[in-house]
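Student: Can you look at this prediction? I've put the sequence above it.
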Amino acid sequence: MKPFREQITDFRQRVEGIQKESYEYSGSLKKELEQLRQLNQEMTADARSLTTALKGDKKKVGGWGEVQLEKTLQMAGLVKGDHYDSQVHFKDELGKSNFPDFVVNLPDKKHIVIDSKVSLVDYDSAIAAKDEKEQDLALDKHVAAVKNHIDNLASKDYSNLLGIHSPSFVMMFMPIEPAYIEAVRHSKGLYDYAYLKGVVLVSHTTLMPILRTVANLWMVERSNSEAKEISERAGEVYNQVCLLAGRLQKLGATLVTASKQYNNTVVALSGQQGLHGKVERFSKISNKVTKSMPAIESIYSEVEHERLDACIIANEISPSTRDSN
């Protein structure tokens, strides 16, 4: 019975270990589930608060839409202050002040005006509709709200503001993509309605390719500017080299003149009829002579020039010619 008793004891220890691990795992899982439940409640509360705020406060709605539009601009690679500006003050021909949400700068001092408009209340009602009829009625109101935004934006005539060099249209950004899709789907002529009034409906998906094109235009413009600068710098460097070469030429001519004058002076001093030969006898007849006449030689610049010309001619001869010779 002893081996059997030992096996039973070992089996019981294993079962107790498994039970302990199971309890620990259950406790950890329960803790994780509790944290997940709390996080879900917080997200639900935040979503409810956001929905309530967006449906209740028009100022908050407008601010949220502008934030989403600026995120889209930045995602496209545009930089505020360089490629776009927000809430810039412009005046129309009558002196009335206008503040477009965003003005995108293009090369050659051109602009694209983008304004954010949020339509959420009726779209939310369409989402919560219990039947198709109720949903159609809510979508009709949603389309009417979008048209109201289009009419309001068209009346501001941003493209003709003083200081704005824009095409004859303004872009209306709808930050809620499903709301944009449902409005265009429910009203087939909505896009044309806006376009005829000088308004182009865009969402994040449709605006991004346009903004990427703008970013690429700025890249091309920067490359052209850099190429122009390099060309101008290259011309300046070449002019400086030419100026230096001219000065070296003048210096060389001066050195040649000085060399000739030096050689003439040397000849006058130590030549056959030079002054040195005429005063040489003084060193022998005077006991006060304490110094000796140094050797003075002429500078043979002509010889050096001939040697240089010979080297140039030798370098111009090809190896095959030298081999044949």
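Tutor: Here it is on my side, so go on.
Student: and after the strand of greatest length in the chain, which helix or strand comes next?
Tutor: Of all the segments assigned as strand in the chain under DSSP state E, the longest by residue count is strand 110-116. Next along the chain after strand 110-116, taking DSSP states H and E as the criterion, comes helix 121-127.
Student: if we can go back for a sec, now for the longest strand of the chain, which elements pack on it?
Tutor: Contacts defined by 3 or more CB pairs under 8 Å, 6 or more residues apart in numbering; DSSP states H and E place strand 110-116 against helix 58-75, strand 102-106, strand 170-173, helix 204-270. C-beta: built from backbone N, CA, C; applies to glycine.
Student: Present those as JSON lines; the columns should include mean neighbour count.
Tutor: Formatted as JSON lines, the helices and strands packed on strand 110-116 follow (neighbours: other CB atoms under 10 Å):
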{"stretch": "helix 58-75", "mean neighbour count": "17"}
{"stretch": "strand 102-106", "mean neighbour count": "19"}
{"stretch": "strand 170-173", "mean neighbour count": "25"}
{"stretch": "helix 204-270", "mean neighbour count": "12"}
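Student: Quick one: closest of these to Ser26.
Tutor: Closest approach to Ser26 among these (CB to CB): helix 58-75, 42.9 Å.
Student: got a list of contacts for the closest one?
Tutor: 53-55, 80, 83-84, 86, 101-102, 104, 114, 116-118, 120, 173, 175, 204, 207-208, 211 (CB atoms under 8 Å, 6 or more residues apart in numbering).
Student: how long is stretch 180-200 from one end to the other?
Tutor: End-to-end distance for stretch 180-200: 12 Å, by CA to CA, to the nearest Å.
Student: my bad, should have said stretch 87-106
Tutor: Terminal-residue distance, stretch 87-106 (CA to CA): 17 Å.
Student: Kindly report the same for stretch 159-170.
Tutor: 7 Å.
Student: for the record, mean pLDDT for it?
Tutor: If you average the pLDDT over stretch 159-170, you get 72.
Student: How about stretch 261-274?
Tutor: The pLDDT scores in stretch 261-274 average 72.
Student: Tell me how many other residues crowd Tyr84.
Tutor: Tyr84 has 23 neighbours, counted by other CB atoms under 10 Å.
Student: And it, how far from Asn216?
Tutor: Plainly put, Tyr84 is 15 Å away from Asn216 if you go by CB to CB, to the nearest Å.
Student: Export only the CA atoms of the longest strand of the chain, formatted as CSV.
Tutor: Only the C-alpha atoms of strand 110-116 are listed here, as CSV (Å, rounded to 0.1, in the frame of the first residue of the first chain):
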residue,chain,number,x,y,z
LYS,A,110,-3.3,81.8,-54.6
HIS,A,111,-5.8,80.5,-51.9
ILE,A,112,-8.4,77.9,-51.1
VAL,A,113,-11.0,78.8,-48.5
ILE,A,114,-12.4,75.9,-46.4
ASP,A,115,-15.2,76.3,-43.9
SER,A,116,-16.3,73.6,-41.4
